[in-house]
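**Student:** Just a sequence and a predicted model for now, questions to come.
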Amino acid sequence: MVPYFRCQACGFLFTRFFDHWTDVEFQAHVYNEDYAAVDPEYANVRPTGWAQAITDGFQTHLANIEALDWGGGTGRLAELLRASGVRRAETWEPFNPDFASLPEGDFNLISCIEVLEHLPDPKTGIRDLARPLRTEGAMLISTLLQPANILEIRTAWWYLAPRNGHISLHSAKSLELVLGGQGCHLKTIMPHVHWAWRQVPFYLKNQA
Ligand SMILES: [Zn+2]
């Protein structure tokens, strides 16, 4: 039994079940060899799709983009971005020994694809996410916002799933609040796709 709670002020939906888990416990019970079965798009489909979207969307700017894929799993997205001509593309991923230390420097594009919903301590996580972001830079965040009927369907919402580590589920308001705490303006373009920035970067200027 994994109980979830929902904040009456901002709609943030979360469980405290994992609050005291160590990385070793997460690796043994959630991010283990069966994880691919509960999230089959993790290894290839998702990084390929996002790399395509970024390279298509910002074609003329790629040589000036310095990107960090935060929580980037296998490192595939950054690898594809480098191959497409992005000036710099790095990965940080605490559960992958190859990418466990945060790359040096700062970045004008930080992607955070299907990561926020995994954070047991979202405030600290989002502070860490925003720290290497340049003032003129943006975060590309993918996390699915709660549907309008969340209070009817409650924990039967498909995206709420302790087995695949979906433990911090945002509403539009909670996402805006937590990013606002880092001085970031939020623009949601699809229920699962969001941009956040302090100052609009060059590559978004015609789109923002
Ligand atoms: Zn709240």
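**Tutor:** Right, received. Where do you want to start?

**Student:** going forward, measure contacts between C-alpha atoms and count neighbours the same way
**Tutor:** OK.

**Student:** For burial, what's the neighbour tally of the residue of the chain found nearest the ion?
**Tutor:** Residue nearest to the ion within the chain: Cys10 (4.0 Å; Cα to the ion). A count of nearby residues for Cys10, using other Cα atoms under 10 Å, gives 15.

**Student:** quick one: it and Val86, what's the gap?
**Tutor:** Distance, Cys10 to Val86, by Cα to Cα, to the nearest Å: 37 Å.

**Student:** Rounded mean pLDDT for the helix or strand hosting Arg134, please.
**Tutor:** Using DSSP states H and E, Arg134 maps to strand 133-142. Strand 133-142 carries an average pLDDT of 98.

**Student:** so who does the residue lying closest to Leu133 once chain neighbours are set aside touch?
**Tutor:** Closest residue to Leu133 apart from its sequence neighbours, by Cα to Cα, 6 or more residues apart in numbering: Phe107 at 5.2 Å. The contact partners of Phe107, taken as Cα atoms under 8 Å, 6 or more residues apart in numbering, are Glu66, Ala67, Leu68, Pro132, Leu133, Arg134, Gly137.

**Student:** Could you pull up phi and psi at Phe107?
**Tutor:** phi -140, psi 150 (degrees, to the nearest 10).

**Student:** can you check Leu13 too?
**Tutor:** According to degrees, to the nearest 10, Leu13 has phi -120, psi 120.
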